[in-house]
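Q: only geometry, no sequence info:
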């Protein structure tokens, strides 16, 4: 049986696969930077454990380092207070846990995904992770929120603009608190906008495979991504079947949501 290069690398690093087909793979290199590593270090302290295989970890400040370094550059040269705190905390955490770091004063410090190959820490055949913000399910969700929030906000805003202000005034005059007015008056009257926004978002997210591909680093997949892969492999029957399933699923979801709102009155 022949294997692709990807298959060989995967098989060499596969530790186990559970009953849900989720796989645990061995990671050769872990890059750390200043933005999200404090949470990870705090988790280690809370559990009273140390990093395993210290030599597999390499740290460097990345996001909060100004591009105009000048001479004698150090932490004091960072003007933003939050950025300065994050860089300082990275120094403290690396010293505390014994992790090798190219700090802000090092001439080898740089963008982590550039510095790694330049210094020989990134090598062919390695599995590498850089914390959890990028190339993860979290980054996919974050990208979806960024891309599609407007499609939810606009219908809700449009519906809220139609609410008769006298109803809110009547609620206040009746002694309702702000929370009670929101929960019992505004939200029920905004329900059509919420449903319409949900329809927009569901229809767009279900078919968005580009965001999933790039933000997960090709580690996650959705129905749209499965269709794309099948087409690339000329598996047209499988792609067609998946597309039909996706279409039926979206139609069922939209049909369910339309039972809660008369969209003709909102257009």
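A: Great, that's in hand. Just so you know, these numbers come straight off a predicted model, no measurement behind them.

Q: mind checking the SS state of residue 182?
A: Under DSSP: H, G, I helix; E, B strand; the rest coil, residue 182 falls in the helix class.

Q: Any figure for the gap between it and residue 239?
A: When C-beta to C-beta, to the nearest Å is the yardstick, residue 182 and residue 239 sit 46 Å from each other. All C-beta atoms are positioned from the backbone trio N, CA, C, and that covers glycine.

Q: So for the two, which sits in the more crowded spot?
A: Of the pair residue 182 and residue 239, residue 239 is the one with more neighbours under other C-beta atoms under 10 Å, namely 18 against 14.

Q: Give the rounded mean pLDDT of the one helix or strand the more buried one maps to.
A: With secondary structure defined by DSSP states H and E, residue 239 is part of helix 236-258. Helix 236-258 comes out with an average pLDDT of 84.

Q: List the contacts of the closest residue in space to residue 225 that isn't next to it in sequence.
A: Distances taken as C-beta to C-beta, 6 or more residues apart in numbering place residue 209 nearest to residue 225, at 4.0 Å, with adjacent residues excluded. Taking C-beta atoms under 8 Å, 6 or more residues apart in numbering as the contact definition, residue 209 lies against 222, 224, 225, 227, 228.

Q: now, which of those residues lie within helices?
A: If you go by DSSP state H, these have 224, 225, 227, 228 in helices.

Q: hmm, who's touching the helix holding residue 239?
A: Residues lying outside helix 236-258 but in contact with it, judged by C-beta under 8 Å, 6+ apart, are 195, 198-199, 202-203, 206-207, 223-224, 226-227, 230-231.

Q: same check, this time on stretch 99-106
A: Applying C-beta under 8 Å, 6+ apart, the external contacts of stretch 99-106 come out as 32, 51, 54-55, 57-61, 65, 73-75, 78, 87, 90-91, 93-94, 108-110, 115, 119.

Q: One more: stretch 160-168?
A: Under the contact criterion C-beta under 8 Å, 6+ apart, stretch 160-168 has outside partners 181, 185, 186, 189, 190, 193.
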